[in-house]
Each structure stands twice: as C-alpha cells, then as structure tokens.
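Asker: Okay, here's the prediction I keep looking at, along with the sequence it came from:
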Amino acid sequence: MPTSFIPTAADLLRLSPDIVLTAGGALMMVIEPLTGAARKARMAAIAVLLIAAAMALSVMAYSDPGTSFSGMLVVDGFSTFFRILVYGCGLLTVLMSVDYFKRERGSESGEYYALIVFSLVGQSLMASANELVLLFIGLEISSIAGYIMAGYLRDDKRNNESALKYFLLGSFATAFMLYGVAWIYGLTGSTNLDTVRRAILGGAMEQSGQMLMIATALMFVGFAFKISAAPFHVWAPDVYQGAPAPVAAFLSAGAKAAAFAMLVRVAASAFFPLSAKWEMLLWATALATMIVGNFAALRQSNIKRMLAYSSVAHAGYILVAVTAHSEVGIAAVMFYLASYVLMTIGVFAVVTLVASKGERFVEIDDFSGLVQRQPMLAIALTIFLFSLIGIPLTGGFFAKFYVFKAALDSNLTWLTILGLLNSAAAAFYYLRVLVVMYMKPAAEGAGPVDPAGIGIKAAIVASAVGTLYLGVYPSAVLDFAGKAAQLVK
C-alpha cells in the first residue's frame, strides 16, 4: 500500500470526532435492544457523553490543523467552528428530547439518540470535507438519519407524512447534486476542491465553460434544497409541522448550519473563480427566499409552520452574506448561524413544552396568557423572538448587522435595502406571538403547560444565555470567525 494512504497520527486525530461518534452510535444500536425500558434513559446520557467527547476532540484536532487522507478532509478554523456548532445543536436537541419522548411514548427510545449521533457524523463531514464525494457521503449520512427521525413516532400520521415528503423531495434534490459532482469530475478530472479550482483557473472555463456552469447549477439545486432556499423550500413547512418538535428544531438548526458550511466551502474554494458569474443567481435566490419566507409566515396560524417559513426567511438573510463572496461575508455567515442555532433551538424547546402530549397546542392562539401561566417560559420565548426579529442586546441583532454590512462592503446596495425591508416585515409575525402571550387571556380549553424536566430546562437556559451573550459580547465569536474566513479560500 502506498505510504500516502497509511493514516498518520495527525490524520486519525483530525478524524477522531467522527470515529468516536460512529463507533459510539453503532454501539448504542447494538445494546439498545438488550436494554430494559427502565434503563433506556441511559442512552441519552451516552449520547451526551459522545457529543461532549467529539467537541473536545475537535478542539484538540484544531491544535494541529491541516489536510488529511490525501487532502480529502481539512481541519481549520472554519471546519472546527461548524463542528462545534453542530455538536452543540445535537447536544441541546438530546436534552430537549428526553422529556418529549417520555411524554409521547411513555419511555425513552435509545435508537433515536443513536440517529442524532449518526446525523452529527454526516454534518461534521459536510463541514470538514475538502472533496466532493466525501461531502456527498456526509450529506447522505445526515439526511438518511433525518428522514427516519422525522417519522420517528410511527403511529402518528403527521410524522409519517413528514418523513415521506422529506425523503422523496430530499432524494430528488440529492440526485441533482450527484449529477453535478459527476459532471465536475468529467470536466476537471477531479473532485478535490483545490484541484477543481486549479483546473478552472488553468483554462477549464474557456474549454467547456457552458457545461461547467450547468454542473455548478445542478449542484446548487442540491445546496438550495438543504438550506431551504426558494423555490426549493416547499418541503420545509410540512416537514417541520409534522415532525416531532425536537426533530424539527434539529433539522432547522443543525442540518441547515452544516448545509451552509458545505455551500460556503465549495463556493469559496473550488468555485470562487466563478463567483462573478453566479452573483446574480445568488442575489435573486436570496431575495426570493426572504420574500417567500416572510410573507408566507405572516399567514400562518400554526406556530411550527410559522417557524418553518421563518427558517426559510433566515436562509435568505444568510444568502445575502454568501452573495458578497468576501471574507467579511463568510465571517458574517458563521456568526449568523451561531446566533440562529441558539435562538431556533430555544424557541422550539418552548414550543415543545407548550404543545403538551400529542402536540395538541401548537396554534399561535394556544400561547395566549402564557405570561400568567408560565412567566419564566414567556420571558425565555420573548428573548428568542426578539433575537429572531433582530432587537439589540440579542445575537440576532448583530447577526443581521454583519450580514448587511458585508453586503454593503461588496456594493450590494439594493439587496441590502430589500433585505432590511424584509426584516422589518418579519417583525409583524414575531410580534403577533408576543401580543398573544402578554395581552390576551388564556384561551378556553388551553391545557396547562407541562412541567419542564432538567434536560429541557438546561436547553432553554443555555440557548437564552448564548443568545444574550452574542448580543452583548459578539467580538469573541466574530474575531474567531474572521480569522477562520481568511483560510477558507
């Protein structure tokens, strides 16, 4: 075997988070059937330990950055940032899921936590892959686990519908991406991002420019589906509404963050020479995504469906920074996603509690009088909604500020103006929830809010603290993101 294919200690260290999660997830699947119902709660604890170990190993791997396995994997500030981000999202999802499945099924479900772990493996590979085939493998690992999680409550028709729509549309979009990867290989002779970039700079664009543009367009369809950008967003409202609330949070936050990491890595490295040609497409997609997400959210009465369209709109804001194709834009994307993950997990955690068994109370009117019923829960939800709006002293404010600053720095003046107008329109549907909570009495028949367990309390508190921290002291995260962005190209 050639020496270059023998993994070194550095190679194994850089892949160690994925190795630990894969081995741990497989072990959980093996021992879960052998575990009694009374002990299945330990599976959640095992998942927490595995994710914590992966986070620690990611930090250790960053102490020796570089490429591994013949350039297939890269560990740098960018990949480490997103690894920690998706692991954190997975950890919070596990915490908020414990009480949820006790309530819905009467017992823990060990394989569910193994699926979260496997999905995190895929998301980690999406963030650190430097090779299109490895990136596709990571996408499939994450997606397949997501399909199963969306329909995890098999006796619930809403879950079944959610899983089926997610699987069918996801498979269709994935096929587009795979065709694009195959074309890229045929045109450049490689799927390594660095080699593809050199081939484009070396004359591949002049020789087969039209076919290269078609190939990148096919790949963009796959990316657009995963980030729920218009017009490839149609799956999101139905999936988020029908899936269990913790799963909807995980798909909305962790999966979206990993998909944007994948998009930014590919756009800023392999296809950076084509950035000027694709600026108008990204410009139009960002604007359409903001408009569709915000104005569709205004019409929703179901809070999970409203949050789904809100997620679409936020994808549009992030695409504004991607369109800037600059280091400032990449740093803005990273900071925005950190803020977005925290406030999204937090708001879904509150929805999980208010919805009660069977998710019966998920209409916006079901939140009426929440400040009298559960004042602390109402305050937490207020923080998250303020952040989603972009109110100062929350992470969402600085997230939008840096996104639009990056756009202005790249002379995207009209996109910035239209983005700000969209952000103002979005305030209406968030404020509507606040009005219902604070100014309307509890609706007749509204059930009592379930008592919060330790796990979901920890998820809400951690999300709220993180949201406020990024709103008061954003420089720590932003400085790291700025340094990491310099190394992506």
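Answerer: Yes, it's here. Residues are numbered from 1 along each chain as shown.
Asker: C-alpha only now, for contacts and for neighbours.
Answerer: Noted.
Asker: which regions of the stretch 201-350 of the chain lie under the pLDDT threshold?
Answerer: Residues of the stretch 201-350 of the chain that meet the criterion pLDDT under 70 lie in 203-208.
Asker: Just the helices from it, written as ranges.
Answerer: 205-226, 235-242, 245-250, 256-268, 275-297, 303-323, 327-355 (DSSP state H, counting those that start in this stretch).
Asker: what would those look like in TSV with distance to residue 152 and mean neighbour count?
Answerer: Supplementary listing: the helices of the stretch 201-350 of the chain in TSV, determined by distance: least, CA to CA, whole Å; neighbours: other CA atoms under 10 Å:
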stretch	distance to residue 152	mean neighbour count
helix 205-226	20	19
helix 235-242	11	24
helix 245-250	9	27
helix 256-268	20	25
helix 275-297	26	20
helix 303-323	17	28
helix 327-355	16	27
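Asker: Excluding chain neighbours, what is closest to residue 161?
Answerer: Take residue 161 and drop its neighbours on the chain: the residue closest to it by CA to CA, 6 or more residues apart in numbering is residue 242, 6.9 Å away.
Asker: how much space between the one you found and residue 398?
Answerer: 32 Å (CA to CA, to the nearest Å).
Asker: what do you get for residue 362?
Answerer: Counting by CA to CA, the gap from residue 362 to residue 398 is 30 Å.
Asker: Contacts only, for residue 150.
Answerer: Contacts for residue 150 (CA atoms under 8 Å, 6 or more residues apart in numbering) come out as 159-160, 162-163, 166, 239, 242-244, 247-248.
Asker: what's near enough to touch the residue nearest the centre of the chain?
Answerer: Central residue of the chain (CA atoms, centre = their mean): residue 256, 2.6 Å from the mean position. For residue 256, the contact set (CA under 8 Å, 6+ apart) comprises 226-227.
Asker: What's the separation between the residue nearest to residue 161 and residue 347?
Answerer: In this view, residue 242 and residue 347 are 17 Å apart by CA to CA.
Asker: Likewise for residue 177?
Answerer: Between residue 177 and residue 347 the distance, using CA to CA, works out to 32 Å.
Asker: Who are the packing partners of the top helix by length along the chain?
Answerer: Longest helix in the chain by number of residues, with DSSP state H as the criterion: helix 157-188. With contacts defined as 3 or more CA pairs under 8 Å, 6 or more residues apart in numbering; DSSP states H and E, the secondary structure elements packing on helix 157-188 are helix 132-150, helix 193-199, helix 205-226, helix 235-242.
Asker: can the ones you listed go into a markdown table with extra columns for distance to residue 263?
Answerer: Converted to a markdown table, the helices and strands packed on helix 157-188 look like this (distance: least, CA to CA, whole Å):
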| stretch | distance to residue 263 |
| --- | --- |
| helix 132-150 | 10 |
| helix 193-199 | 12 |
| helix 205-226 | 6 |
| helix 235-242 | 19 |
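Asker: quick one: which of those helices is nearest residue 64?
Answerer: For the helices and strands packed on helix 157-188, the distance to residue 64 is smallest for helix 193-199, at 20.0 Å, taking CA to CA.
Asker: Of residue 362 and residue 398, which one has the most company?
Answerer: Under the criterion of other CA atoms under 10 Å, the comparison of residue 362 against residue 398 puts residue 398 first, with 26 against 21.
Asker: Contacts only, for the more buried one.
Answerer: The contact partners of residue 398, taken as CA under 8 Å, 6+ apart, are 390, 392, 470-471, 474.
Asker: Residue 128 is in contact with residue 74, isn't it?
Answerer: Yes: here residue 128 reaches residue 74: they are 5.4 Å apart, a contact under CA atoms under 8 Å.
Asker: mind listing what residue 22 touches?
Answerer: Shown in contact with residue 22 (CA under 8 Å, 6+ apart): 117-118, 121.
Asker: repeat that for 7 Å
Answerer: 118, 121 (CA atoms under 7 Å, 6 or more residues apart in numbering).
Asker: Make sure I have this right: it is in a strand.
Answerer: No: note on residue 22: no strand contains this position according to DSSP: H, G, I helix; E, B strand; the rest coil, which reports helix.
Asker: tell me which element residue 154 falls in.
Answerer: Using DSSP states H and E, residue 154 is not contained in any helix or strand.
Asker: whoops, I mixed them up, residue 388
Answerer: When elements are defined using DSSP H and E, residue 388 is found to belong to helix 375-389.
Asker: and the next element down the chain from that helix?
Answerer: By DSSP H and E, the next helix or strand past helix 375-389 is helix 395-409.
Asker: Give the buried residues for that next one.
Answerer: 395-400, 402-408 (16 or more other CA atoms under 10 Å).
Asker: Need the per-residue pLDDT for the closest residue in space to residue 358 that isn't next to it in sequence.
Answerer: Here the nearest residue to residue 358 in space, its sequence neighbours aside, is residue 104; by CA to CA, 6+ apart that works out to 6.5 Å. Residue 104 carries a pLDDT score of 74 in this model.
Asker: wouldn't residue 104 be in contact with residue 357 here?
Answerer: Yes: the pair residue 104 / residue 357 is scored as a contact, 6.0 Å apart, by CA atoms under 7 Å.
Asker: how near is residue 318 to residue 219?
Answerer: Distance from residue 318 to residue 219, counting by CA to CA: 18 Å.
Asker: buried sites along the host helix or strand of residue 43?
Answerer: Using DSSP H and E, residue 43 sits within helix 41-62. With burial defined by 16+ other CA under 10 Å, the residues of helix 41-62 counted as buried are 41, 43-44, 46-48, 50-55, 57-62.
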